[in-house]
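Enquirer: have a look; sequence and predicted model below, questions after that.
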Amino acid sequence: MAPPTPGTTRTAPPVATTSTSRRAAGSRALLPGLGLVAAATLVVLLGARLVPTVSPLVVALVLGALVAPVLGRVGGTRRGAAPVAATRPGVAWTSRVVLRTGVVLLGFQLSVPEVLALGWRGLVVVTTTLLVTFTGTLALGRVLRVPRVTTLLVATGFSVCGAAAISAMQGVVAGPGRTPGQVREDDDGVAASLALVTVYGTLAIVALPWLASLVGLTDDQAGLWIGASVQEVAQVVTAAGTISDPALATATVAKLARVALLAPLVAVAGVVVARGARRAALARVGSTVGTDLAGAPGTTTDATPPRVAPVPWFVVGFVVAVALRSLGVVPAPLLVALATATTLAFVAAMFALGLGVDVPYLLRTGRRALVLGGLSALLVTTTALVGVVLLT
């Protein structure tokens, strides 16, 4: 090896950063945000005991929206505050990974034999109500010119199971390639849909037991009507419990049947969203290529948009969890622990999403969404009642 040239210095080769150190640095960056989310989750779960009829997911989202202006700084746009820089990585990770993990864990609360115990008539009522409410709400949203994401989340929350369903569908909507503005609109859509589910579900707690008595429904019919139409599990339990124990039992099974339909609904939505995202990406690529290659005939490009999985991984995990629960291979103590973990995951994710909500913007633009929620509530209760009267 030749000696170094006089007057020059030999520099040591740069030390390569290992993947382990990069992962460690990334993990440390998550800690401030995760600490904030953990503290808020504890506060929400303690406070939720004071108002058991309100979903802790809703409480978490409201808390996040209230805390955001305190922690954040106003950007240079018309939109609201963003979390301080140190908490952003952990908050973003919670709103993505923890949210999807919660959807998977939700599957352990469902058992196929329990759902089938409802009978074919009850299953027809539940399925028909879900499909009519979902498609009808989507159509009403277009007529009312409610933002597309908000319409989709409202349709999901009212037709399936409230906050948990909204969370699952938000995981599909929040795919790769979303701009910061689109992410903020997604967060606003989550906030609006959760608020509507809470408002109209609370009204249903009072109205449906009274209407069931007025119409002359039996206890089983009333339970099926409530389980097929009321949004939140806590709301279903409260409303049906005021009638009788048989009504509560039927309502609970009907509610489980609705939750079981969450996976196919989200899977279909995932396929549609993925196709739409790919078409939009292809259009952007074509526009870019046309601009860059103008006047250069014969030039080609290999630019292609990334492929998005048509069925999200957490939907597959949800189905696997349901299968494991149905086979009876999961011990009962573990099921209790998984139910607690499910609540923790959803509460944490909702708080993280709440930090991105712009409350003043929601107040200025929420009238149409309020009307949409009212029409969706009317649609789900009417469809379920007609089905109950005709088939049971």
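Expert: Yep, that arrived.
Enquirer: only C-alpha atoms for contact and neighbour calcs from this point on.
Expert: Noted.
Enquirer: mind listing the helices for the stretch 201-350 of the chain?
Expert: According to DSSP state H, counting those that start in this stretch, the stretch 201-350 of the chain carries its helices in the segments 219-229, 233-241, 245-260, 262-292, 313-327, 332-354.
Enquirer: how close does residue 242 sit to residue 254?
Expert: 17 Å (C-alpha to C-alpha, to the nearest Å).
Enquirer: quick one on the thing from earlier: tell me which of the helices of the stretch 201-350 of the chain lies nearest to residue 370.
Expert: Across the helices of the stretch 201-350 of the chain, residue 370 has its closest neighbour in helix 219-229 (18.0 Å, C-alpha to C-alpha).
Enquirer: go ahead and flag the most central residue of this structure.
Expert: residue 167 (1.2 Å; C-alpha atoms, centre = their mean).
Enquirer: could you find the closest non-adjacent residue to residue 113?
Expert: Among residues not flanking residue 113 along the chain, residue 326 sits closest, at 6.9 Å (C-alpha to C-alpha, 6 or more residues apart in numbering).
Enquirer: check what pLDDT that neighbour gets.
Expert: The model reports residue 326 with a pLDDT of 92.
Enquirer: which ones are touching it?
Expert: 110, 111, 112, 113 (C-alpha atoms under 8 Å, 6 or more residues apart in numbering).
Enquirer: now do it against residue 335, distance only.
Expert: Residue 326 is 12 Å from residue 335, by C-alpha to C-alpha.
Enquirer: before we move on, the earlier item: of residue 242 and residue 254, who's got more company?
Expert: residue 254 (30 against 14; other C-alpha atoms under 10 Å).
Enquirer: do I have it right that the more buried one meets residue 117?
Expert: No. With contact defined as C-alpha atoms under 8 Å, residue 254 and residue 117 do not form a contacting pair (9.4 Å).
Enquirer: for residue 71, see how far away residue 170 is.
Expert: 24 Å.
Enquirer: neighbour count winner among those two?
Expert: residue 170 (25 against 14).
Enquirer: quick check: that one touching residue 191?
Expert: No. Counting by C-alpha under 8 Å, residue 170 does not reach residue 191; the two are 11.0 Å apart.
Enquirer: re earlier: may I ask which of the contacts of residue 326 has the most neighbours?
Expert: Neighbour counts for the contacts of residue 326 (other C-alpha under 10 Å) peak at residue 110, which has 22 neighbours.
Enquirer: I'd guessed it sits against residue 258; true?
Expert: No. Here residue 110 lies out of contact with residue 258, judged by C-alpha under 8 Å, at a distance of 10.3 Å.
Enquirer: ok, residue 224 - contacts?
Expert: Counted by C-alpha under 8 Å, 6+ apart, residue 224 has contacts 122, 247, 250, 251, 254, 388.
Enquirer: now do residue 230
Expert: 158, 201, 204, 236, 381.
Enquirer: residue 232 is in contact with the second one, correct?
Expert: Read that as residue 201. Yes. Using C-alpha under 8 Å, residue 201 makes contact with residue 232 at a distance of 7.0 Å.
Enquirer: picking up where we left off before, okay if I get the contacts of residue 230 as JSON lines plus neighbour count?
Expert: What follows is those, written out as JSON lines (neighbours: other C-alpha atoms under 10 Å):
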{"residue": "158", "neighbour count": "32"}
{"residue": "201", "neighbour count": "26"}
{"residue": "204", "neighbour count": "22"}
{"residue": "236", "neighbour count": "27"}
{"residue": "381", "neighbour count": "20"}
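Enquirer: which of these has the weakest pLDDT?
Expert: residue 201 (86).
Enquirer: which other helices and strands does the helix or strand residue 30 falls within contact?
Expert: For residue 30, the host element (DSSP states H and E) is helix 19-48. When contacts are defined as 3 or more C-alpha pairs under 8 Å, 6 or more residues apart in numbering; DSSP states H and E, helix 19-48 sits against helix 56-71, helix 88-93, helix 332-354.
Enquirer: where are the low-confidence patches of the stretch 201-350 of the chain?
Expert: Within the stretch 201-350 of the chain, the stretches with pLDDT under 70 are 276-311.
Enquirer: related to what we said a few turns ago, dump the contacts of residue 326 to CSV, plus distance to residue 195, secondary structure and pLDDT.
Expert: Converted to CSV, the contacts of residue 326 look like this (distance: C-alpha to C-alpha, whole Å; DSSP: H, G, I helix; E, B strand; the rest coil; pLDDT from 0 to 100):
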residue, distance to residue 195, secondary structure, pLDDT
110, 26, coil, 84
111, 29, coil, 88
112, 31, helix, 89
113, 33, helix, 90
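Enquirer: how about those, which pair is most distant?
Expert: 110 and 113 (9.1 Å).
Enquirer: in this structure residue 184 contacts residue 356, no?
Expert: Yes. The pair residue 184 / residue 356 is scored as a contact, 6.3 Å apart, by C-alpha under 8 Å.
Enquirer: so between these two, which is more surrounded?
Expert: Between residue 184 and residue 356, counted using other C-alpha under 10 Å, residue 356 has the larger neighbour count: 28 against 19.
Enquirer: what helix or strand does that one sit in?
Expert: Applying DSSP H and E, one finds residue 356 in no helix or strand.
Enquirer: quick check, pLDDT for it.
Expert: Note for residue 356: predicted pLDDT of 75.
Enquirer: how far away from the center of its chain is stretch 211-223?
Expert: 32 Å (C-alpha atoms, centre = their mean, to the nearest Å).
Enquirer: what does it rub up against?
Expert: 209, 240, 243-244, 246-252, 388-389, 392.
Enquirer: repeat the analysis, applying 7 Å as the threshold.
Expert: Here stretch 211-223 makes contact (C-alpha atoms under 7 Å, 6 or more residues apart in numbering) with 240, 244, 246, 247, 248, 250, 251, 388, 392.
Enquirer: next one: stretch 383-392
Expert: With C-alpha under 7 Å, 6+ apart, stretch 383-392 has contacts from 121, 125, 129, 221, 225, 228, 229.
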